[in-house]
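Novice: Quick check, what structure comes out for this input:
(chains A, B, C and D)
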Number of protein chains: 2
Amino acid sequence: MKRQTTIKDIAIKLGLSTSTVSRALKDHPDISPKTRSVVKELAAILGYRPNKIALNLRNNSTRMIGLIIPEIEHNFFSAIINGVEEIAYKNDYSVMVFQSNESYKREVINVHTVLANRVDGALISFSKETKDFSHFQKLIDNEIPVVFFDRVTDELHTDQIIADDYHGAYVAVNHIIEKGCTSIAHFAAPQHLDIGKNRLLGYHDALLNHNIPYDPNLVMLADTYKTAYKAALEILKRPNHPTGFFAVNDMAAIAIMKAARYLGIKVPEDIKVVGFENSVVASISEPELTTVDQFGFELGREACILLLKRIEETHKENFKPIKRAIKTKLIIRNSC
Amino acid sequence: MKRQTTIKDIAIKLGLSTSTVSRALKDHPDISPKTRSVVKELAAILGYRPNKIALNLRNNSTRMIGLIIPEIEHNFFSAIINGVEEIAYKNDYSVMVFQSNESYKREVINVHTVLANRVDGALISFSKETKDFSHFQKLIDNEIPVVFFDRVTDELHTDQIIADDYHGAYVAVNHIIEKGCTSIAHFAAPQHLDIGKNRLLGYHDALLNHNIPYDPNLVMLADTYKTAYKAALEILKRPNHPTGFFAVNDMAAIAIMKAARYLGIKVPEDIKVVGFENSVVASISEPELTTVDQFGFELGREACILLLKRIEETHKENFKPIKRAIKTKLIIRNSC
DNA sequence: ATGAAAGCGCTAACAA
DNA sequence: TTGTTAGCGCTTTCAT
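Specialist: Modelled structure (predicted):
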């Protein structure tokens, strides 16, 4: 990089001190209008841009937010990034994105990088592999505000923003039942994730509420396209296979529909399928997927708003974690 | 943020000078083994982490790369981010992602933010709106290495990494012709984008090569789902509508298939459709989409590798821009 | 083998 | 109204 114009350059050329230039540049009232305009003019000519790094060092603040997510390529998370970015941008913060790629090891490194970069705050959705949370504790120990979203844990004393997983699942399964299904399978996420637990619980309670017994044999651990496709083939080959399917996310739901098509089973005539997420793929699949919108963009916004509030808070003592759930909404299309 | 342990803290506690501590920490041979181990021990106990900001200021280097893309939610670009990140990560660089959201105005601001953050280099794919490139010139004037990818321009004297658009399009249209179509429409991107021009050219030449006359009435400007759906409805209602469709990207291709389904036209029996990109949606649509894989991940990797090379280059004089095209590959599925 | 001092670019308390 | 000085955390040249 070329040597950039500094305040000193301007000061020397104008026979002023650096402090005068600094003040003139930020319209300090002490500086005479004449000096002010002269300084600003030369600054413009030389293309002066304040050195953010120097500012960072001086202010001990980077106006940067660290965002750790499992995978950028997952539509839900890119929607979240958008929400985060919108708020950050409006408040003159920049966002550094780090991916764990669902790897615990990588996530630990991400946390270290975030720490090293001296971000002002961090937004985190942890990997599926993560069961130990001590690396996050380092952020907290350093008093870096942290907000967890979507994938959260109660083991850490931090803010949480999640989708209303329980309620979303409940409404979805309710809808399947109202469409006439009495035997309903659930393709679930790992149960050490709150999101896995809560969606299963919503499913469970919706069944019971309609006096449909809960059958563990109808619950499969399958939250990716691949695992769901395999599980769907297996379950659809059972005699008297279930006619309703509630998947923990859209990709799993679509895998179920693909498997059904492969077996010559028709959706929604023979079986009904509901997903969770409302990603782009939901309106591309055939039939188009009925699913629960979890408003990733909104979730990103809310998480970022809360984080900025924490960053700007002065009284860090008696910190009370906030837990907020974003409302979900059932989007009815053609698969159920 | 809490006050972090500094070299000075360690120095004082140990009755040493900051320079000794600094040297001990990086195994400088001058420092006695004893001092070295004592320093390191205390550093570990206090959880010392070098302050990257201070380093940045001193070294005039941030080990950060600025990445400006149109939209993170577009699968192709998130694949690119992954490629970039892989290389950056391996070389101990961090990536700051900025979205223009296809807005010229926002892109100009992005460039300023990138500049303010004193990144060591920038990777850029500009917005559809961008026709004036002077904001990018500022980066070049500051001697910040820049590599353009996917959306590139010859107006700037910079490196470029693109997909082999011409050849990919040529092969795709060739395939459609071989499947028996003689009347083939093209859904194109704006012609001020190289990618729009080159894919149209590939389409054009493939036709001519088979003695099929080029008909401008069969070329529609439609590179989003919405515009493509509308254009497809229009063109499919024409008497003797074309039977082959080559779309500039997958979303447009899927829109064509959706419009066809709406009109009761069968793919691939009645019309054949080929896309460009090979994003996730291509294997989700029904029928699954035949498309040209443009290897976003690879493209991101290559762009980043080239950028890092530029950053580390010492001789910046007689700079010769490199233009590289990543090979594409036709992925045959069920739509053609 | 270790320390003192200067400097990266900027700001702000204090002086004049 | 403007200038001097110190300091943010770190490295490195030049003493010692």
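
Novice: Next to DNA strand D, which bits of the stretch 1-150 of chain A? Give me the list.
Specialist: A:15-20, A:23, A:29-32, A:34-35, A:54, A:57-58, A:60 (C-beta under 7 Å from any atom of the strand). Heads up, the C-betas are built off the backbone N, CA and C, glycines and all.

Novice: Go again with 6 Å.
Specialist: A:16-20, A:30-32, A:35, A:57-58 (C-beta under 6 Å from any atom of the strand).

Novice: Could you pick out the buried ones from these?
Specialist: A:16, A:20, A:31, A:35, A:57 (16 or more other C-beta atoms under 10 Å in any protein chain shown).

Novice: re earlier: and DNA strand C, which of the residues of the stretch 1-150 of chain A next to DNA strand D contact it?
Specialist: Okay, of these touching DNA strand C (C-beta under 6 Å from any atom of the strand), that's A:18-19, A:57-58.

Novice: Turn those residues into TSV, columns for pLDDT, secondary structure and distance to chain B.
Specialist: Listed next are these as TSV, based on pLDDT from 0 to 100; DSSP: H, G, I helix; E, B strand; the rest coil; distance: C-beta to the nearest C-beta, whole Å:
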residue	pLDDT	secondary structure	distance to chain B
A:18	94	helix	16
A:19	94	helix	19
A:57	94	helix	5
A:58	94	helix	9
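
Novice: Between those, which sits nearest DNA strand C?
Specialist: residue A:19 (3.0 Å; C-beta to the nearest atom of the strand).

Novice: List the contacts of that closest one.
Specialist: Counting by C-beta atoms under 8 Å, 6 or more residues apart in numbering or on different chains, residue A:19 makes contact with nothing.

Novice: Find the residue closest to residue A:324 in space, skipping its chain neighbours.
Specialist: residue A:161 (5.1 Å; C-beta to C-beta, 6 or more residues apart in numbering or on different chains).

Novice: Tell me the spatial nearest neighbour of residue A:236, not counting adjacent residues.
Specialist: residue A:263 (5.5 Å).

Novice: I'd like to know how many residues surround the one you found.
Specialist: 15 (other C-beta atoms under 10 Å in any protein chain shown).

Novice: How about residue A:217?
Specialist: Count around residue A:217 with other C-beta under 10 Å applied: 9.

Novice: Assign a three-state SS to it, would you?
Specialist: Of the three states, residue A:217 takes helix according to DSSP: H, G, I helix; E, B strand; the rest coil.

Novice: how close does it get to residue A:241?
Specialist: Distance, residue A:217 to residue A:241, using C-beta to C-beta, to the nearest Å: 11 Å.

Novice: Which parts of the stretch 151-300 of chain A are strands?
Specialist: A:159-163, A:184-188, A:219-221, A:244-247, A:272-277, A:290-293 (DSSP state E, counting those that start in this stretch).

Novice: picking that back up, and the two most separated of the buried ones among the residues of the stretch 1-150 of chain A next to DNA strand D?
Specialist: A:35 and A:57 (26.8 Å; C-beta to C-beta).

Novice: isn't residue A:151 right next to residue A:123, touching?
Specialist: No - the pair residue A:151 / residue A:123 is not scored as a contact, 11.6 Å apart, by C-beta atoms under 8 Å.

Novice: If you count surrounding residues, which of the two has more?
Specialist: residue A:123 (29 against 20).

Novice: tell me the contacts of that one?
Specialist: Residue A:123 neighbours (C-beta under 8 Å, 6+ apart): A:65-68, A:84, A:146-149, A:303-304, A:307.

Novice: What subset of those residues is buried?
Specialist: A:65-68, A:84, A:146-149, A:303-304, A:307.

Novice: mind putting the residues you listed in CSV, distance to DNA strand C and secondary structure included?
Specialist: Shown next, in CSV, are the buried ones among the contacts of residue A:123 (distance: C-beta to the nearest atom of the strand, whole Å; DSSP: H, G, I helix; E, B strand; the rest coil):
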residue, distance to DNA strand C, secondary structure
A:65, 22, strand
A:66, 23, strand
A:67, 27, strand
A:68, 29, strand
A:84, 27, helix
A:146, 27, strand
A:147, 28, strand
A:148, 33, strand
A:149, 33, strand
A:303, 30, helix
A:304, 26, helix
A:307, 24, helix
